[in-house]
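J.: Build the 3D model from these lines:
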Amino acid sequence: MTDRGVPQGGIGRSARLASLPLAFTGRAVAGWGRTLAGADSDEIAAATVARNAEQLFAVLGTLKGGAMKLGQALSVYDAMIPSEFAAPYHDALAKLQTSSPPMPPRDVHRMLAEQLGRGWRERFTDFDEEPRAAASLGQVHRATWRCADGGGRDVAVKIQYPGADVALDSDLRTLERFSRLFAAVFPALDVRALIRELRERTLEEVDYRIEADRQRRFAAEFTGDRALVVPRVVASAPKVLVTDWLDGVPLRDLLGGVGDETDRDRYGHTIVESMFASPARIGLLHADPHPGNFLVLPDGRLGMIDFGAVAELPGGIPPVLARILVLTARGESEALTALLRDEGFLAADAEAADVLRWVGALADPLREERFHFTREWMARQGSRVANPGNRAYRETGRALAMPAEFVLVLRVLSGWMNILAQLDCTVAARGIVERWVPGFASV
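T.: Numbers count the residues shown, from 1 in each chain. Presented below is the predicted three-dimensional model:
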């Protein structure tokens, strides 16, 4: 780790990741030896899982860049982790969502001077040196922006870690080689495909000017919304972004059924509606399903933050994807498979394909007027598709060749369903989809 927040040496970063399989194997052999000596195998297995979790996510957290990005993406799916692994991995993932060594003040000042000019301090009446939040690419400071009339404006200043762009690409390339490490923890998730998609989509996140433009579009469209608040952009540069500060409690603090049930249901409704309404209203989809990206504000509304990962959907949800959702909700497996073949999304010779099973739980909330998202429901989906004897499921994943934007939409949908399951909320999702997705017929 350098003193600038992101390790710079590619060899050193790769070595840390490469050490993980060796450590995991060593623990497995040691555990086998202790079992032969008469120790309890269940206790040994639990201890090994806990130590592997601690090491795996500690490495991801300290490396930041793409490594931490992957860890945060995986944390969304903790509702699908097998029950015997849930406790240690849930704890490790929760720490990874927020933990990150801060950038030293001298590097903060240097980045601000490079991006906002040497007189950057004159732009603020106050700047808190202690970061309030840390993410995979940068950290956030609270400050007071100096207004033209002499007043002040509370702002969030997101500052990118030096070298984050290089680290992001290097980490994701390396992690793709070690994706099998996650198989025992996320057997229902194609981690290799997730890493590839992350790499394709997140490299543009290193230019905060792109993020600023997208956030401006969201903020303009949702100004005055009764349920959702998007902070306005105050200033932007390639590696610094200044936006209005939102005081609120991260949605992740409510996971596990914490708080009032009515409030959780309302928050769940807002999340689902924003997910389907924004493509129709502004041609954009917030593509980073993460419980830290929504804040519960004092007035009861939700604040949406972090627009680094946003999908461009200029025509809204693609009509063919709407038809896929309809057929999936109706359980029409043959028609669904035929549609995908006709559209060129499925190889004609994929005889063992079972697309309905591969799509999984996406359709369950669309079959009922109001659907209760629970961890138990999501865990059942994980167990269903993780059956090692399910050849059709494996073959389907290999045979599908859906466009990248479709894969992204499906990943966002499945990610938010996992978060809603952890939130333990009931949402009238079908009515929302019927309203905002043209071509989705009532089922």
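J.: so how far is residue 164 from residue 170?
T.: 11 Å (C-beta to C-beta, to the nearest Å). Bear in mind the C-beta positions are built from the backbone N, C-alpha and C, glycine included.
J.: what do you get for residue 192?
T.: As judged by C-beta to C-beta, residue 192 and residue 164 stand 23 Å apart.
J.: Same drill for the two, tell me which one is more crowded.
T.: Neighbour count, other C-beta atoms under 10 Å: between residue 192 and residue 164, residue 164 has more, with 23 against 16.
J.: Can you tell me, leaving aside adjacent residues, what's nearest to the more buried one?
T.: Once flanking residues are discounted, residue 164 sits nearest to residue 137: 4.7 Å by C-beta to C-beta, 6 or more residues apart in numbering.
J.: quick one: the one you found and residue 205 touch, right?
T.: Yes: contact criterion C-beta atoms under 8 Å: residue 137 and residue 205 qualify, at 6.2 Å.
J.: what sits in contact with each of these two?
T.: 168, 308 (C-beta atoms under 8 Å, 6 or more residues apart in numbering).
J.: Counting neighbours, go ahead and name the busier of those two.
T.: residue 137 (27 against 24).
J.: So what's the predicted local confidence for the more buried one?
T.: Residue 137 is assigned 81 on the pLDDT scale.
J.: Could you check how far it is from residue 283?
T.: Taken as C-beta to C-beta, the span from residue 137 to residue 283 is 24 Å.
J.: Quick check: buried residues in the host helix or strand of residue 173?
T.: If you go by DSSP states H and E, residue 173 is part of helix 164-177. Buried residues in helix 164-177, defined by neighbour count with 16 or more other C-beta atoms under 10 Å: 164-165, 167-172, 174-176.
J.: now for that helix, which elements pack on it?
T.: The helices and strands touching helix 164-177, judged by 3 or more C-beta pairs under 8 Å, 6 or more residues apart in numbering; DSSP states H and E, are helix 10-36, helix 65-75, helix 191-202.
J.: averaging pLDDT over each of those helices, which comes out lowest?
T.: Across the helices and strands packed on helix 164-177, helix 10-36 gives the lowest mean pLDDT, at a mean of 48.
J.: Tell me how far residue 113 lies from residue 123.
T.: Counting by C-beta to C-beta, the gap from residue 113 to residue 123 is 11 Å.
J.: So for these two, which residue has more residues nearby?
T.: Using other C-beta under 10 Å as the criterion, residue 113 and residue 123 rank with residue 123 on top: 19 against 13.
J.: Tell me if I'm right that the more buried one and residue 144 touch.
T.: No: the criterion here is C-beta under 8 Å, and residue 123 misses it with residue 144 at 10.0 Å.
J.: Okay, now the unreliable bits of this structure?
T.: 1-101, 135-136, 178, 180-190, 200-203, 348-354, 357-361, 382-402, 404, 441-443 (pLDDT under 70).
J.: can you pull out the strands in it?
T.: 124-127, 133-134, 138-146, 152-160, 228-229, 233-237, 240-244, 249-250, 284-286, 294-296, 302-304, 310-312, 371-373, 425-427 (DSSP state E).
J.: These: which one's closest to residue 265?
T.: Nearest of the strands of the chain to residue 265, taken as C-beta to C-beta: strand 425-427 at 4.9 Å.
J.: Who does that closest one pair with, and is each partner parallel or antiparallel?
T.: strand 371-373 (antiparallel) (DSSP bridges).
J.: which residues are contacting the partner strand?
T.: Taking C-beta under 8 Å, 6+ apart as the rule, strand 371-373 contacts 268, 364-365, 417, 420-421, 423-430.
J.: Most neighbours of all those residues, which one?
T.: residue 420 leads these on contacts (other C-beta under 10 Å) with 30 neighbours.
J.: so the nearest residue to it once chain neighbours are set aside bridges to which residues?
T.: Counting by C-beta to C-beta, 6+ apart, residue 420 lies nearest to residue 373, which is 3.9 Å off, once chain neighbours are set aside. Beta bridges link residue 373 to residue 425 when assigned by DSSP bridges.
J.: Quick check: residue 373 vs residue 363, distance?
T.: Residue 373 is 14 Å from residue 363, by C-beta to C-beta.
J.: Same question for residue 289.
T.: 18 Å.
J.: Of the two, give the one with the bigger neighbour count.
T.: residue 289 (24 against 19).
J.: and that one, what does it touch?
T.: With C-beta under 8 Å, 6+ apart, residue 289 has these contacts: 76, 411-412, 415-416, 418-419.
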